[in-house]
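J.: Give the three-dimensional model of this entry:
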Amino acid sequence: MSTPNTTTAAVIPFQKILNQPKMQRSNRTPTDIEENIKRLRRLILVEGIPSEADHTLRPRIWKIFLRVNDISADEFAGYVARGACSVREKIRNDTFRTLATDRGFKERVSEEMLVRLLEAFVWRNHDRQNSPSAPRLNFTYVQGMNVLAAPFLYTLPSELEAFYCFSRFIEVSCPLYVQPTLEGVHRGLKLLDRCLKTVDVELYNYLRSKNLSAEIYAFPCKSICFPHIHISYAQETAVLTLCACTPPLDQVLQLWDFLLAFGVHLNILCVIAQLLLIREEVMNSPSPMRILRTFPPLEALPVIGIAVTLVRDLPAELYEELVKHPFEIR
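T.: Next up is the predicted model:
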């Protein structure tokens, strides 16, 4: 059990890094940034972010990991002022369901905040596609982005900062996860099968004997996120949303600290870790899908610990594929 003194002590190492003059000044070098990112990663892995003791730490650290430096209130306000985008109805069909049973989330993040952020993102990428330096990938709203936006709106102190963090996250960290074909998600599900076969062939073979591949068993999201989706699609959403739809939210945020620090590709191993935590129950069940449909609440620390261990068990080529699957265009 932590005491006020131990909690304060946990904050100090993070503050030392974040409050260094070279992290504050505008002319900090890339080397300065990378050195401190490495130190923050190490702290997150060993200690975790003590966000209860200092609620400013997580948003500051997320912005550093995402390399969000320049934000424009005028630009964001301009997107919002345009009003309804072409996919507003699609957005509205999803936003009211987002983490609907999480009272803390609903108290802090309104549906209108979600709609504003997602519509601004659509307008931003409408403009980018019409610019001379248009990116190779097109972005619009796809189902599941409402859940990916939720942690940013909950964590960041303003809609403005949440918008730029979310945009950077989607466009750089996992662009293939939100293409209309969900290309990155399907790659991730195939990699999940291959990784599971590598780290636990007995469990893999048992699930296959029940005709369960990752496309089917990859942990269906709770109905709080996608109550209207047919089950075969719902099972993709735990990969698509990086476990953001698996309660409780405080554990999701702790898991995202890890994913933003080390890469969203590790969510595939986090999904496997959750399966390994209920391995005995699954192996002893004649109908394991019943267990997977009522997946237990997320526990970030054991999941992260197992995921880190699994990295060492993967062949280099397989791990390289895992790293690249959210963003590499083939």
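
J.: Which strands or helices does the helix or strand harbouring Ile216 pack on?
T.: In the assignment (DSSP states H and E), Ile216 maps to helix 214-217. Here helix 214-217 touches helix 183-199, helix 288-293, going by 3 or more C-beta pairs under 8 Å, 6 or more residues apart in numbering; DSSP states H and E. C-betas here are computed from N, CA, C, even on glycine.

J.: any idea which of those helices is most buried?
T.: Of all the helices and strands packed on helix 214-217, helix 183-199 carries the top mean neighbour count, a mean of 21, counting by mean count of other C-beta atoms under 10 Å.

J.: Convert the C-alpha atoms of that one to PDB, please.
T.: Output of helix 183-199 as PDB, limited to C-alpha atoms (Å, rounded to 0.1, in the frame of the first residue of the first chain):
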ATOM      1  CA  GLU A 183      -5.700  -3.700 -43.500                       C
ATOM      2  CA  GLY A 184      -3.600  -3.300 -40.400                       C
ATOM      3  CA  VAL A 185      -6.100  -5.000 -38.100                       C
ATOM      4  CA  HIS A 186      -6.300  -8.100 -40.400                       C
ATOM      5  CA  ARG A 187      -2.500  -8.200 -40.500                       C
ATOM      6  CA  GLY A 188      -2.400  -7.900 -36.800                       C
ATOM      7  CA  LEU A 189      -4.900 -10.800 -36.400                       C
ATOM      8  CA  LYS A 190      -2.800 -13.000 -38.600                       C
ATOM      9  CA  LEU A 191       0.300 -12.100 -36.700                       C
ATOM     10  CA  LEU A 192      -1.500 -12.800 -33.400                       C
ATOM     11  CA  ASP A 193      -2.000 -16.400 -34.600                       C
ATOM     12  CA  ARG A 194       1.600 -16.800 -35.700                       C
ATOM     13  CA  CYS A 195       2.900 -15.300 -32.400                       C
ATOM     14  CA  LEU A 196       0.700 -17.500 -30.300                       C
ATOM     15  CA  LYS A 197       1.800 -20.600 -32.200                       C
ATOM     16  CA  THR A 198       5.400 -19.600 -31.500                       C
ATOM     17  CA  VAL A 199       5.000 -18.900 -27.800                       C
END
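
J.: Using the centroid of the chain, identify the residue furthest from it.
T.: The centre of the chain is farthest from one residue, Pro286, which by C-alpha atoms, centre = their mean lies 32.3 Å away.

J.: residue nearest the centroid of the protein?
T.: Central residue of the chain (C-alpha atoms, centre = their mean): Leu242, at 4.1 Å.

J.: Which secondary structure state does that residue sit in?
T.: Per DSSP: H, G, I helix; E, B strand; the rest coil, the secondary structure class of Leu242 is coil.

J.: State the phi and psi torsions of it.
T.: phi 50, psi 40 (degrees, to the nearest 10).

J.: one step back: for the helix holding Ile216, which residues meet the burial criterion?
T.: Ala214, Glu215, Ile216, Tyr217 (16 or more other C-beta atoms under 10 Å).

J.: can you count the residues close to Gln254?
T.: Neighbour count for Gln254, taken as other C-beta atoms under 10 Å: 21.

J.: what about it, helix or strand, and which?
T.: With DSSP H and E as criterion, Gln254 is part of helix 249-262.

J.: That helix: which residues count as buried?
T.: 249, 251-262.

J.: go on, stretch 102-109?
T.: For stretch 102-109, burial by neighbour count (16+ other C-beta under 10 Å) applies to Asp102, Phe105, Val109.
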